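Q: What would the 3D arrangement of this be:
(one chain, ligands or ions: 1)
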Amino acid sequence: MAKHPTQESWARRPNEEDMPITFLVNRAGPKGHEAQIILSHDVEGGYVHFARGRSVKCPKGPCEHCKANSERRWRGYCVCANARNRELTLVELTAAAMKPIDIYFRQHRTLRGALLTTKRIPEKPNGRLYATIVESAQAITSYPAVPSVRSLLRKLWGLPKDPDANGDVQRKIREADDDTNSQTA
Ligand SMILES: [Zn+2]
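A: The predicted structure follows:
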């Protein structure tokens, strides 16, 4: 049964939940990523399984994918602009690529404005990912501010919004839905 909306149906903007993810996930191909200007403050990530070509966040406890012996791997993400054409994507990183990025972050206290390139060795889809990160000569102020990576990942992985980021209205709607579900269960 469709949930009966509890909100006024006029809306100048759709709800956050109704808006699609605005950044495509940019997985490194055999040649790695093209040069990218990092726009996020830092990388956000988590442990994921890959199922049907998608990443699924592994919850705290052993999940169905863990039980099926699917590998559990760390993946990190940050919003970047392609240095050549400024296309914005959510660049995906592996644990192997993170060492120089972590060192850069400690030195500069932010990744925003850094020039990131990656390559795979060997040059194959499953080759180990290596990152190079340096200060860029680009004027970072000409690039847009970007939403938090965690909020983008919550959408990507179909997780509920961060409770801290929720308005009272959204919480009340969810609670009302939960009540309805428990009554009909
Ligand atoms: Zn799992």
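Q: For the residue minimising distance to the centre of the chain, give me its contacts.
A: In the chain, the centroid-proximal residue (CA atoms, centre = their mean) is Leu153; its distance is 3.6 Å. Neighbour list for Leu153: Glu44, Gly46, Lys57, Tyr77, Leu159 [criterion: CB atoms under 8 Å, 6 or more residues apart in numbering]. C-beta here means a position set from N, CA and C on the backbone, and glycine is covered the same way.
Q: Show me which of the residues you listed is closest to the ion.
A: Of all the contacts of Leu153, Lys57 has the smallest distance to the ion: 8.5 Å, by CB to the ion.
Q: residue ranges for the strands of the chain, please.
A: Secondary structure of the chain (DSSP state E): strands at 24-26, 36-38, 44-51, 54-57, 73-82, 88-94, 114-121, 128-135.
Q: of those, which approaches Tyr104 most closely?
A: strand 128-135 (4.6 Å; CB to CB).
Q: CSV for the strands of the chain, including distance to the ion, mean neighbour count and mean pLDDT?
A: Converted to CSV, the strands of the chain look like this (distance: least, CB to the ion, whole Å; neighbours: other CB atoms under 10 Å; pLDDT from 0 to 100):
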stretch, distance to the ion, mean neighbour count, mean pLDDT
strand 24-26, 19, 16, 94
strand 36-38, 29, 24, 98
strand 44-51, 6, 17, 93
strand 54-57, 8, 16, 89
strand 73-82, 10, 21, 97
strand 88-94, 17, 21, 97
strand 114-121, 25, 19, 98
strand 128-135, 22, 16, 98
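Q: Please convert the ones you listed to CSV, extending it with distance to Ile101.
A: Shown next, in CSV, are the strands of the chain (distance: least, CB to CB, whole Å):
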stretch, distance to Ile101
strand 24-26, 15
strand 36-38, 9
strand 44-51, 11
strand 54-57, 19
strand 73-82, 8
strand 88-94, 7
strand 114-121, 7
strand 128-135, 6
